[in-house]
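Colleague: The sequence isn't on hand, but the structure is:
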């Protein structure tokens, strides 16, 4: 090969890889960016796992990408190792779909009649023209993503053409032919396939290059089959790299990808070459075509899954044998909550990252609500264990805020859909409100410390007012948190009427307590701790109001809390007044 041919080949490989990545990303976006969620939620049986793994990989065009995603699922506890085995098997089948797409490059060989109009060059030009026109003219995101599919396909086909043109002179190179003859040795072919794919980190790309080499006419099926088996093993390299830093189950999942391909290679090659030893396959010495490579690749992968599917349980046990559990469990307290689900691997899959952020926000809200109730219970029944638990939970809540805030900001740097953008905006607007409610719960626990230490007893009137305000605050927390967790907008409209009533009750309670202090019914100690608690209750209601308003405003695609509250105060609707009267009758004093 000349220097210009080498440069052309490298350029073709680069264009091919870029086109494949562009087309895969655009296909995923057109599918609604929900493929990852579908894979996670529906792969609960081995058969479903295989089918979904096949489908998702056919779209993203990379078994490695699918498996890396699955490693993230297992690492965060969202999926079991057993579930992952079926998905990985399906990913091995799905990655062969790209080979069939690349068979379109064989149209140049069909020179009969009108089919000549659909040569690779003509098809690539038409697709590229349609793609750039749509990308430039269309404003719809879906149409623009579809245009990117066309452009990705055009770039991919151009890369294939460049590779094929660059390697065509090799058909006359005796040195090249002698090298390929060595690949007919199964061991050599498998090792070369592993090495090439480990460098490219894409089985689809390696198969594509092999298909482009068929234009030389010197790639036989005897050469292609060992290379295809090696390509399957080599694709495990990026998966193994992704498992660095994963927990034990994450490492087991990445190993299963390697184990499946190694065992598949051993079993299938033993059967195939064993039969070939006694009954010679006549096609082995024939020159392979692009279509032939796609057929062999698909048949091999389907056969591999068919052979290993009955042994899913044994594959899981073998992975557990290779990566054994230590004496102490990994993760500790952290794995008991949803913080562990905020996987770095999911940042590349925004739909998953947003969904996991939602689940973590809901879990954070549950911790806050539980801690508030725990603090309130301390006011009536003090206990050291309960008090220590308040501080422990507050540390968890603070960790949530820190991790979630960083994670959400990273998601905003990705190309996400309108619905996902709305969710991220809601989370960023409300995360500090949840955390601040947790802080006020700690303040209430400190008030309980003072009441216990000083043996403070409130008057009957003060107790009555505190109890009513406490019940009202617990209800507004339940309402706002429930509306957030279930995205219940009608329920969110109940928050503000109750918040305004709580403000009125707190003002009235403070006034009444000042009168009691003046009358000598309560001491200054009573007054300070009483006012502190009332202030915390009032602030909790304010933060609940922020959560409710954020949901309502973002639902209407505009966020201006001040304007909303100002309008609400000036134009109280019939529904607002009805809710307010309902709560006043329930909690008024």
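Modeller: Thanks, I have it. From a predicted model like this one, the values you see are computed outputs, not experimental measurements.
Colleague: quick one: contacts for the nearest residue to residue 298 once chain neighbours are set aside?
Modeller: Counting by Cβ to Cβ, 6 or more residues apart in numbering, residue 96 is the residue found nearest to residue 298 once chain neighbours are left out, at 4.3 Å. Using the backbone N, CA and C atoms, a C-beta is placed for each residue, glycine as well. Residues in contact with residue 96 (Cβ atoms under 8 Å, 6 or more residues apart in numbering) are 207, 294, 297-298, 301.
Colleague: cutoff 10 Å now
Modeller: 54, 57-58, 63, 203-204, 207, 228, 232, 293-302 (Cβ atoms under 10 Å, 6 or more residues apart in numbering).
Colleague: Which strand or helix spans residue 11?
Modeller: Using DSSP states H and E, residue 11 maps to helix 3-30.
Colleague: which residues of the stretch 451-589 of the chain score low on pLDDT?
Modeller: By pLDDT under 70, the weakly predicted segments of the stretch 451-589 of the chain are 524-527, 557-572.
Colleague: next SSE after the helix holding residue 11?
Modeller: helix 35-42.
Colleague: From the contact counts, what lies against that next one?
Modeller: helix 3-30, helix 46-60, helix 63-75, helix 81-94, helix 350-380 (3 or more Cβ pairs under 10 Å, 6 or more residues apart in numbering; DSSP states H and E).
Colleague: one more time with 6 Å, if that's ok
Modeller: Using 3 or more Cβ pairs under 6 Å, 6 or more residues apart in numbering; DSSP states H and E as the contact definition, the elements that helix 35-42 packs against are helix 46-60, helix 350-380.
Colleague: and those as a markdown table, adding mean neighbour count and mean pLDDT?
Modeller: Shown next, in a markdown table, are the helices and strands packed on helix 35-42 (neighbours: other Cβ atoms under 10 Å; pLDDT from 0 to 100):
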| stretch | mean neighbour count | mean pLDDT |
| --- | --- | --- |
| helix 46-60 | 22 | 88 |
| helix 350-380 | 21 | 92 |
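Colleague: out of those, nearest to residue 426?
Modeller: helix 350-380 (8.8 Å; Cβ to Cβ).
Colleague: so where does the closest residue to residue 189 other than its chain neighbours fall, helix or strand?
Modeller: Among residues not flanking residue 189 along the chain, residue 226 sits closest, at 2.5 Å (Cβ to Cβ, 6+ apart). Counting by DSSP H and E, the element that carries residue 226 is helix 221-234.
Colleague: For residue 462, give me its contacts.
Modeller: By Cβ atoms under 6 Å, 6 or more residues apart in numbering, the contact set of residue 462 is empty.
Colleague: Could you report the neighbour count for residue 280?
Modeller: Residue crowding around residue 280 was assessed by other Cβ atoms under 10 Å; the count is 10.
Colleague: Could you chop this structure up by domain?
Modeller: According to automatic domain parsing, the chain comprises the domains 3-322, 342-587.
Colleague: Distance-wise, check the closest residue in space to residue 68 that isn't next to it in sequence relative to residue 203.
Modeller: Closest residue to residue 68 apart from its sequence neighbours, by Cβ to Cβ, 6+ apart: residue 242 at 4.4 Å. Using Cβ to Cβ, to the nearest Å, residue 242 is found at 15 Å from residue 203.
Colleague: Give me the more crowded residue out of those two.
Modeller: Counted by other Cβ under 10 Å, residue 242 and residue 203 do not tie: residue 203 has more neighbours, with 31 against 22.
Colleague: Quickly note the distance from the more buried one to residue 241.
Modeller: For residue 203, the distance to residue 241 - Cβ to Cβ - is 15 Å.
Colleague: Contact partners for residue 92?
Modeller: 63, 301.
Colleague: For the residue nearest to residue 298, give me phi and psi.
Modeller: phi -80, psi -10 (degrees, to the nearest 10).
Colleague: now do residue 441
Modeller: phi -60, psi -40.
Colleague: contacting residues for it?
Modeller: 371-372, 375.
Colleague: Low-confidence regions, the stretch 1-150 of the chain specifically.
Modeller: In the stretch 1-150 of the chain, residues with pLDDT under 70: 1-2, 5, 28, 30-35, 105-120.
Colleague: any idea how far the residue nearest to residue 343 when sequence neighbours are not counted is from residue 248?
Modeller: Once flanking residues are discounted, residue 343 sits nearest to residue 72: 4.3 Å by Cβ to Cβ, 6+ apart. Applying Cβ to Cβ, the value for residue 72 to residue 248 is 15 Å.
Colleague: Specify which residue of these two has the higher count of neighbours.
Modeller: When neighbours are counted by other Cβ under 10 Å, residue 72 and residue 248 differ, and residue 72 comes out ahead with 29 against 19.
Colleague: how near is that one to residue 198?
Modeller: 22 Å.
Colleague: try residue 285
Modeller: For residue 285, the distance to residue 198 - Cβ to Cβ - is 29 Å.
Colleague: Between the two, tell me which one has more neighbours.
Modeller: When residue 285 and residue 198 are compared for neighbours, residue 198 comes out ahead with 18 against 12, by other Cβ under 10 Å.
Colleague: That one contacts residue 233, correct?
Modeller: No: assessed by Cβ atoms under 6 Å, residue 198 is found out of contact with residue 233, at 8.8 Å.
Colleague: Pull the number of nearby residues for residue 466.
Modeller: 20.
Colleague: Out of the contacts of residue 96, which end up buried?
Modeller: When these are checked for burial by 16 or more other Cβ atoms under 10 Å, the buried set is 54, 57-58, 63, 203-204, 207, 228, 232, 293-298, 300-301.
Colleague: so who does the most centrally placed residue in the chain touch?
Modeller: Taking Cα atoms, centre = their mean, the centroid of the chain lies closest to residue 352, which sits 2.4 Å from it. Neighbour list for residue 352: 36, 346 [criterion: Cβ under 6 Å, 6+ apart].
Colleague: The residue lying closest to residue 26 once chain neighbours are set aside: helix or strand, and which one exactly?
Modeller: For residue 26, ignoring the flanking residues on the chain, the nearest one in space by Cβ to Cβ, 6+ apart is residue 148 at 3.6 Å. Following DSSP H and E, one finds residue 148 within helix 141-167.
Colleague: List the buried residues in that helix.
Modeller: Neighbour-count burial for helix 141-167 [16+ other Cβ under 10 Å]: 144-164, 166-167.
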